[in-house]
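Novice: got a sequence here, can you build the structure:
(one chain, ligands or ions: 1)
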Amino acid sequence: SFKYPRQERYVLKNVSLKIQAGEKLSIVGENGAGKTTFIKLLLRLYDVTEGKILLDGVDIRHYAYSDYLKLFSTVFQDFKIYAFTVYENIALAQTDKTSKEKLDEILEKGGLAEKISQLKNGGYTYMFREFAEYGVELSGGEQQKLALCRALCKDAPIVILDEPTAGLSPLAEHEIYSKFHEMVKNKTAIFISHRLTSSLFCDKIALFSDGRIIEYGAHQELMELNGSYAEIFKLQAKYYLDEGEVAL
Ligand code: ADP
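Specialist: Next up is the predicted model:
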């Protein structure tokens, strides 16, 4: 359980779940349900108010923080793309240590290889035109792909995506999730979204509501349960079908 410092209200209450190595977990639920807070606790940005979080059976407060953080690669909704080159945006501090071949491979996996290869300076092209006459302006979706490439470059065993596709059309979102699923094949991955398309790729789904996990299981199990998850899923599927964009 958790409440933010100096707050009376519990934002998470009696949340308990186990994430297996290599598992893909989808965390869904409406805005304010506590999804991001859960991630902040996993990353130890805050410590839990009651209970504990264990990694391999050891309380995460007992690990050296810098070592612990090396396990995670995260893409938050408000990721930043810098006015550096494409390659630098992917490798960041590791730019000198990351080979061009590896960066090109990441661009390929991230679905940006074709776009970047069309630029005169390829991956050495600067982002944006503010400081570079021949800088490249990528679309919102392409910038999101670049942020995903960055997460991939860190090559951490646990990848967390916190609504990195918010603001994208359902079709673009679907494309990114399919792509990313491929990219994190051998890793543990946690996806957070208020859209349920992301959960189709996952082994387990946790539906958060008002700080609690109200449904937990595989997609098919939750559809058969015919509870809130199934209801929201059908509603969203209908919306996508009405929009004529993605048939689920
Ligand atoms: P979600 O990610 O599911 O949209 P959040 O975890 O962001 O939900 O928020 C859960 C609840 O915690 C909300 O009621 C929100 O207002 C509250 N909250 C989020 N951040 C803070 C904070 N820094 N201080 C106090 N309350 C917060």
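
Novice: from Arg195, how far out is the spatially most central residue of the chain?
Specialist: The centre of the chain sits closest to Leu161, judged by C-alpha atoms, centre = their mean, with a distance of 0.8 Å. For Leu161, the distance to Arg195 (C-beta to C-beta, to the nearest Å) stands at 12 Å. From N, CA and C alone the C-beta is placed, and that goes for glycine too.

Novice: same question for Cys149.
Specialist: In this view, Cys149 and Arg195 are 22 Å apart by C-beta to C-beta.

Novice: those two: which is more packed in?
Specialist: Cys149 (25 against 20; other C-beta atoms under 10 Å).

Novice: OK, contacts around the more buried one?
Specialist: Shown in contact with Cys149 (C-beta atoms under 8 Å, 6 or more residues apart in numbering): Ile90, Ile106, Leu107, Lys109, Gly110, Leu112.

Novice: what's the closest of these to Glu30?
Specialist: Closest approach to Glu30 among the contacts of Cys149 (C-beta to C-beta): Gly110, at 29.4 Å.

Novice: contact partners for the closest one?
Specialist: By C-beta under 8 Å, 6+ apart, the contact list for Gly110 reads Lys145, Leu146, Leu148, Cys149, Leu152, Lys179, Met183.

Novice: separation between it and Asp162?
Specialist: For Gly110 relative to Asp162 (C-beta to C-beta), the value is 18 Å.

Novice: just list what whichever strand or helix holds Ser73 packs against, helices and strands only.
Specialist: Per DSSP states H and E: Ser73 is located in strand 72-75. For strand 72-75, the elements it packs on are helix 140-154, strand 158-162, judged by 3 or more C-beta pairs under 8 Å, 6 or more residues apart in numbering; DSSP states H and E.

Novice: next structured bit after it?
Specialist: helix 86-91.

Novice: tilt between the helix or strand of the chain with the lowest mean pLDDT and helix 140-154?
Specialist: Ranking every helix and strand in the chain by mean pLDDT, DSSP states H and E puts helix 170-183 at the bottom, with a mean of 74. On the basis of axes from the mean of the first three to the mean of the last three C-alpha atoms, to 10 degrees, helix 170-183 is oriented at 10 degrees to helix 140-154.

Novice: which positions within helix 170-183 qualify as buried?
Specialist: Pro170, Ala172, Glu173, His174, Glu175, Ile176, Tyr177, Lys179, Phe180, His181, Met183 (16 or more other C-beta atoms under 10 Å).

Novice: all helices of the chain, in order?
Specialist: 35-42, 65-69, 86-91, 100-109, 113-117, 140-154, 170-183, 219-225, 228-243 (DSSP state H).

Novice: what's the average pLDDT for the strand holding Ser73?
Specialist: Averaged across strand 72-75, pLDDT comes to 88.

Novice: run through who's touching that strand.
Specialist: 39, 42-43, 147-148, 150-152, 154-156, 158-162, 164.

Novice: for the closest residue to Val15 other than its chain neighbours, which residues make a bridge with it?
Specialist: Residue nearest to Val15 in three dimensions, not counting chain neighbours: Ile213, with 5.7 Å by C-beta to C-beta, 6 or more residues apart in numbering. Per DSSP bridges, the residues bridged to Ile213 are Phe208.

Novice: Ile213 and Leu222 touch, don't they?
Specialist: No - contact between Ile213 and Leu222 fails when scored by C-beta atoms under 8 Å: they sit 11.8 Å apart.

Novice: what is in contact with those two at once?
Specialist: With C-beta under 8 Å, 6+ apart as the test, Ile213 and Leu222 both reach Leu207.

Novice: out of those two, which sits in the more crowded spot?
Specialist: Leu222 (24 against 21).
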